[in-house]
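Colleague: One predicted model, sequence on top.
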Amino acid sequence: MYDKYVIENGDTLSSIAAKFNTLESTIMDINNIAFPDALRQGMEIIVPKESEKYFEYYTIKKGDSIYKIAREYNINPELLTALNGLEDDDYIYPEQRLLIPKSGYSYYITREGDTLDIVADRFNISKDKLLSHNDIIYLLPGQLLVNKVK
């Protein structure tokens, strides 16, 4: 779930990340940006879509771990880290916010070589239904796609 964003005068990687409740590294990764100072006014980039429909937010407390949070919300720790642009060995910090997937949906993070047919098969739905549950599909590696569970 991505949106396009046109960089405005005064935008920094940090300010854009804060605006879309994501990490600077996530924006750099999905746009293949090697250096943060490569951003220019008028440049169009892809940013994670902030969608309260599919997620809730969790603010990390002292003593939390990815595994503890995943257990508390009954979700796969790998999905939790991937949704938040984290690696398994990344540190998390108090006051950091994480996206927590809401129940009632199934989630898939695209990989190199995915097609609409492959993803629709993974969800066991039609391409039309997949498109109806996702506003924009780029099929870039790392794009999150959702399916409403019956």
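Modeller: Thanks, I have the structure now. Numbering: from 1, shown residues only.
Colleague: which residues of the chain fall in helices?
Modeller: Counting by DSSP state H, residue ranges of the helices within the chain are 13-19, 24-30, 66-73, 77-83, 116-123, 127-133.
Colleague: For the residue most central in space within the chain, list the residues it contacts.
Modeller: Centroid-nearest residue in the chain: Leu83, 4.5 Å away (criterion: C-alpha atoms, centre = their mean). Shown in contact with Leu83 (C-beta atoms under 8 Å, 6 or more residues apart in numbering): 55, 98-99, 101, 107, 109, 144. Yep, even glycine has a C-beta here, placed from its N, CA and C like the rest.
Colleague: Any figure for the gap between the closest residue to Glu87 other than its chain neighbours and Tyr91?
Modeller: Closest residue to Glu87 apart from its sequence neighbours, by C-beta to C-beta, 6 or more residues apart in numbering: Thr81 at 6.7 Å. With the distance defined as C-beta to C-beta, to the nearest Å, Thr81 ends up 12 Å from Tyr91.
Colleague: Compare those two and say which is more crowded by neighbours.
Modeller: Neighbour totals were compared for Thr81 and Tyr91, and Thr81 leads with 18 against 8 (other C-beta atoms under 10 Å).
Colleague: Isn't that one up against Asp89?
Modeller: No: between Thr81 and Asp89 no contact is recorded; they are 9.6 Å apart, counting by C-beta atoms under 8 Å.
Colleague: The closest residue to Ile125 other than its chain neighbours bridge partners, please.
Modeller: Taking C-beta to C-beta, 6+ apart as the measure, Ile125 lies nearest to Asn147, with 6.0 Å between them; neighbours along the chain are not counted. Following DSSP bridges, Asn147 is listed with bridge partners Ser106.
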